[in-house]
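Novice: give me the fold of what follows.
(2 chains)
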Amino acid sequence: MPINYFLILSAFLFCTGAYGVMARRNSVLVLMSIELMLNAVNLNLVAFSTHLENVSGQVFALFVITIAAAEVGIGLAIVLLIYRNLRSPDLDQVEQLKG
Amino acid sequence: MLDSAWLFPVIPAVSFLVILFFGKKLPFKGAEVGIASVGAMFLLACVVAAQWIDKVESAGHGSEKGLAALGHSVVAAAEGAKGGGEVEPIVHGFTWWQNGAAKFVVGTRVDGLVVMMLLVVTTISLLVHIYSTAYMHDDRRYTYYYAALSLFTASMLLLVVSANLLQLLVGWELVGLCSFMLIGHWWEEKENSNAALKAFLTTRTGDVGLMIGIIVCFFAANSFDIAKVNAYALSPGADHGLLLVAAVALMFGIMGKSGQFFLHTWLPDAMAGPTPVSALIHAATMVVAGVYLGARVYPVFFNGFSIGTSTFNMMAIVGAVTILIGAALAFVQHDIKKVLAYSTISQLGYMVMALGVGAWSAALFHLFTHAFFKACLFLGAGSISHSATHHSFDMREMGGLRKKMPVTFWTFMIATLALAGIFPFAGFWSKDEILATAGQGRYDVFVVVGLVGAVMTAAYMTRCVYLTFFGKYRGHHHPHESSPAITVPLVVLAVLSLLAGLLQAAPINVTKFEHWLEPVGGLPELVHPKFDYALATISVALASLAVGAAFFFLFKREESGAFKGLTQRSKVAHAGYTFLEKKYYLDDLYEGVIVAGIKGPIARASYWMNQNVIDGVVNAVGRGTTRAGRFTYGVLDQELVDGAVNDLGRETGSAGGGMTKLQSGQLQRYALLLLASVGLIGLAVYLVNVV
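Specialist: This next block holds a predicted model:
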């Protein structure tokens, strides 16, 4: 299989994720979109790893997955706190941090 | 210990910070920290001195080199006591910063001169710390006072152990700052803060010369390192003209700091500070920093002023003039501290003159002994004002304190005799050493000046002692002896004034002081005089005569009723007194004979000169500076600099205001900005690399 297929799929996933991060209001969905972006990167890494016959890309992917798990843990905690404080998961309302 | 000289400035500096921040909460309000740190410094200095002496002695046995006593017409003194000129100073340092090829090093240097200064500074400082617990008791800024004393000790020790001139300058300015802080300790009275300002500004005037001198030295020797500067000055290829400029410039520094004519006017005013401060800073340690500097870079002066080959030079002349001016002014003062201040000026003149005539070790020996007896005199004066006259130093309110304050009296007497140069007190040995060295060069004029100075010293000190301790009490208080915290330092200093001279007693073949002092690395060939019995006899005889004559005339004046009511008590109580006390009949030497001839007109004229001409010049310079300062403030500072700064601030403010709109607080907008920027950067990289 040509590597382009994987790259196109990965680019599609990444753009979907980026769109989700910017356009979605619900913070849980934003978190999921971030996961999508991360996995797009993983896909890229694994694709190149196979293509170049070099295992380090897969090792990177494993690391990213591990860190993504930790990130989700923290991210969900933040979402929970936002929900508790604002009674809404809506990110538009989180705008106290302005200058 | 010789390798850890950096501890000397560091520990008192730490003590300064501790006292400053925690002093008020401590049980003795910070005094204990100061005393402990200075006491530790004193012990360290003793250890360093012992190790240094050990080093010198062992080196002396190793190579019987025989010290270079080769100057013109010189005969080495005692042959046995010489030896070991090859002891290397211990130098440590690290690079502070580097600018091109020029390295700036911070370091310590331990040699004979430094060890001597360490001993003097720590001893006097320790005694003054102890003395102050009683003298400054109940002072409203007691803690602050001890903090300043600690800072002073740190700065003075920094100055002393410096291995290079730049570091020495830092210490030099720091002691000046501490002097300013302590003179103005009671700044609520305008006079005191004026005196502090005058001291600071006058010494600063000299410091300009010092800075120029250091810079010239740097460009001459290509280094701030004292050893390198000295080596350059002694090398055959040294530029004499350059060294002359450096020496003259450095001389101004010495004149400012060590109260030499014509920059001496600040020192009497500096007596506005607390008396222990006068003893420590304005008699024993800080004011001799100038002499120390002169000794430290002696080759620069030696070559620059052609000491040893010329018949006179700026250094010797400044010293000689200072001896006479200072001594003459001491006659017309009523304030006991001012008498002592003018006496200090005069004695510093001796030291500078000694350096100027090539008597390097004699100058430092006089520095050493003078520190003890002058500190003793000042602390004695402090004891009197503390316990007898209710903080007055006016001798017209004293008198007859001999019986009331026996310890103060006896210690004051010993120190006075030491100052007057009476055998066998410390001052005799050091003063005689200076005169003998001058006499063996081609400096006969300066020998005469020295002798005249000795006579005047003896006379004015007699007057001072007479007015203070003899006759009848003229004050309105109840004099009593001071507490042990005051008397113990006095006794210690009196013992030192009595014995310190024996370190360098040529007739009995003791030249330990110069033997231990002189290995400093890089000295010109020094003159070591034979002990001159004739000169010594003449100087002691003249001094004794002056004491006697002064006593006689003082007593006579008293009889004629200058001090009303004194006569009868003196007559009754002193009727059967022995030979010495009958010399009180030889009273008014300076009032009668010398008044008519020397003291009255000349002293008054020089006092007038002092007050009007010299102060006038200083004031004019001050006014000029003020005007320049006002211009700088009004036009340069307010308009140009502040204008630029304010404009810049305004612009930054409005730019910042614009930027705040970007910070909306909305997370997703940030994400958009982030992605857009990454996109832009990616585009830019693409364009740069591919297109």
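
Novice: now the helix or strand that contains B:Ala354: average pLDDT?
Specialist: For B:Ala354, the enclosing helix or strand under DSSP states H and E is helix B:336-356. Averaged over helix B:336-356, pLDDT sits at 88.

Novice: show me what contacts the closest residue to B:Trp52 other than its chain neighbours?
Specialist: The spatially closest residue to B:Trp52, leaving aside those adjacent along the chain, is B:Val115, at 4.6 Å (CB to CB, 6 or more residues apart in numbering or on different chains). C-beta here means a position set from N, CA and C on the backbone, and glycine is covered the same way. The contact partners of B:Val115, by CB atoms under 8 Å, 6 or more residues apart in numbering or on different chains, come to B:45, B:48-49, B:52, B:516.

Novice: export those to TSV and tack on distance to B:Arg627, pLDDT and secondary structure?
Specialist: Listed next are the contacts of B:Val115 as TSV, based on distance: CB to CB, whole Å; pLDDT from 0 to 100; DSSP: H, G, I helix; E, B strand; the rest coil:
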residue	distance to B:Arg627	pLDDT	secondary structure
B:Ala45	47	88	helix
B:Val48	50	87	helix
B:Ala49	51	87	helix
B:Trp52	52	85	helix
B:Trp516	52	78	helix
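
Novice: could you work out the most separated pair of these?
Specialist: Distance extremes for the contacts of B:Val115: the farthest pair is B:Ala45 and B:Trp516 at 13.7 Å, using CB to CB.

Novice: spatially central, which residue of chain B would that be?
Specialist: B:Val287 (1.8 Å; CA atoms, centre = their mean).

Novice: quick check: it is in a helix.
Specialist: Yes. Secondary structure assignment places B:Val287 in a helix (DSSP: H, G, I helix; E, B strand; the rest coil).

Novice: gap between B:Gln167 and B:Arg296?
Specialist: 12 Å (CB to CB, to the nearest Å).

Novice: going by distance to B:Glu188, which of the contacts of B:Val115 wins?
Specialist: Checking the contacts of B:Val115 against B:Glu188 by CB to CB gives B:Ala45 as the nearest, at 36.2 Å.

Novice: distance of the closest one from chain A?
Specialist: 60 Å (CB to the nearest CB, to the nearest Å).

Novice: just give me the neighbour total for A:Asn39.
Specialist: If you count neighbours by other CB atoms under 10 Å in any protein chain shown, A:Asn39 ends up with 18.

Novice: get me the contact residues on chain A for chain B.
Specialist: A:18, A:21-23, A:30, A:91-92, A:94-99 (CB under 8 Å from any CB of the partner chain).

Novice: and the buried ones among those residues, selectable in PyMOL?
Specialist: Only the buried members of the residues of chain A next to chain B enter the following PyMOL selection, criterion being 16 or more other CB atoms under 10 Å in any protein chain shown:
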select buried, chain A and resi 18+21+22+30+91+94
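
Novice: what mean pLDDT does stretch B:97-108 have?
Specialist: On average, stretch B:97-108 scores 77.

Novice: my error: substitute stretch B:670-678 in the last question.
Specialist: Taken as a whole, stretch B:670-678 has a mean pLDDT of 89.

Novice: show me the contact partners of that stretch.
Specialist: By CB under 8 Å, 6+ apart, stretch B:670-678 touches A:18, A:21-22, B:662.

Novice: buried residues in it?
Specialist: Within stretch B:670-678, the residues that count as buried by 16+ other CB under 10 Å are B:Ala671.

Novice: wait, what's in contact with whichever residue of chain B sits closest to chain A?
Specialist: Nearest residue of chain B to chain A (CB to the nearest CB) works out as B:Gly665 at 3.1 Å. Contacts for B:Gly665 were tallied using CB under 8 Å, 6+ apart; they are A:94-98.

Novice: any idea of the mean pLDDT for the longest helix along chain A?
Specialist: In chain A, ranked by residue count with DSSP state H as the criterion, the top helix is helix A:56-86. Across helix A:56-86, pLDDT averages out at 92.

Novice: that older thread, can I get the contacts of B:Gly665 in JSON lines with secondary structure and pLDDT?
Specialist: Formatted as JSON lines, the contacts of B:Gly665 follow (DSSP: H, G, I helix; E, B strand; the rest coil; pLDDT from 0 to 100):
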{"residue": "A:Val94", "secondary structure": "coil", "pLDDT": "80"}
{"residue": "A:Glu95", "secondary structure": "coil", "pLDDT": "77"}
{"residue": "A:Gln96", "secondary structure": "coil", "pLDDT": "77"}
{"residue": "A:Leu97", "secondary structure": "coil", "pLDDT": "70"}
{"residue": "A:Lys98", "secondary structure": "coil", "pLDDT": "69"}
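
Novice: now residue 88, what's its secondary structure?
Specialist: Because you didn't say which chain, this covers chain A. A:Ser88 - assigned by three-state DSSP - is coil.

Novice: looking at chain B here, not the other one
Specialist: Assignment for B:Glu88 (three-state DSSP): coil.

Novice: quick check on it: phi, psi?
Specialist: When read as degrees, to the nearest 10, the backbone of B:Glu88 gives phi -80, psi 140.

Novice: now do the residue lying closest to it once chain neighbours are set aside, the pLDDT please.
Specialist: Excluding its sequence neighbours, the residue lying closest to B:Glu88 (CB to CB, 6+ apart) is B:Gly521, at 6.2 Å. Turning to B:Gly521, the model gives it a pLDDT of 70.

Novice: what residues of the longest helix of chain A count as buried?
Specialist: Judged by neighbour count using 16+ other CB under 10 Å, the buried positions of helix A:56-86 are A:57, A:60-61, A:64, A:68, A:72, A:75, A:79, A:82.

Novice: circling back to that earlier point, specify which member of the contacts of stretch B:670-678 is nearest to B:Leu182.
Specialist: For the contacts of stretch B:670-678, the nearest to B:Leu182 is B:Leu662 (56.2 Å; CB to CB).

Novice: contact partners for the closest one?
Specialist: B:Leu673.

Novice: that one in helix, strand or coil?
Specialist: coil.

Novice: against A:Met22, how distant is it?
Specialist: Distance from B:Leu662 to A:Met22, by CB to CB: 16 Å.

Novice: would you tell me what the next helix or strand after the helix or strand hosting B:Val121 is?
Specialist: Using DSSP H and E, B:Val121 sits in helix B:112-135. For helix B:112-135, the following helix or strand on the C-terminal side (DSSP H and E) is helix B:142-161.

Novice: tell me which parts of chain B are close to chain A?
Specialist: B:659-660, B:663-668, B:671-672, B:675.

Novice: widest-spaced pair of these?
Specialist: For those, and using CB to CB, no pair is farther apart than B:Thr660 and B:Leu675, which are 21.9 Å apart.

Novice: for B:Ile281, see how far away the closest residue to B:Ala196 other than its chain neighbours is.
Specialist: In space, and not counting its chain neighbours, B:Ala196 is closest to B:Gly184: 3.2 Å by CB to CB, 6+ apart. From B:Gly184 across to B:Ile281, the span is 12 Å (CB to CB).

Novice: pick out whichever of these two has more residues nearby.
Specialist: Regarding B:Gly184 and B:Ile281, a neighbour count based on other CB under 10 Å identifies B:Ile281 as having more, with 28 against 22.
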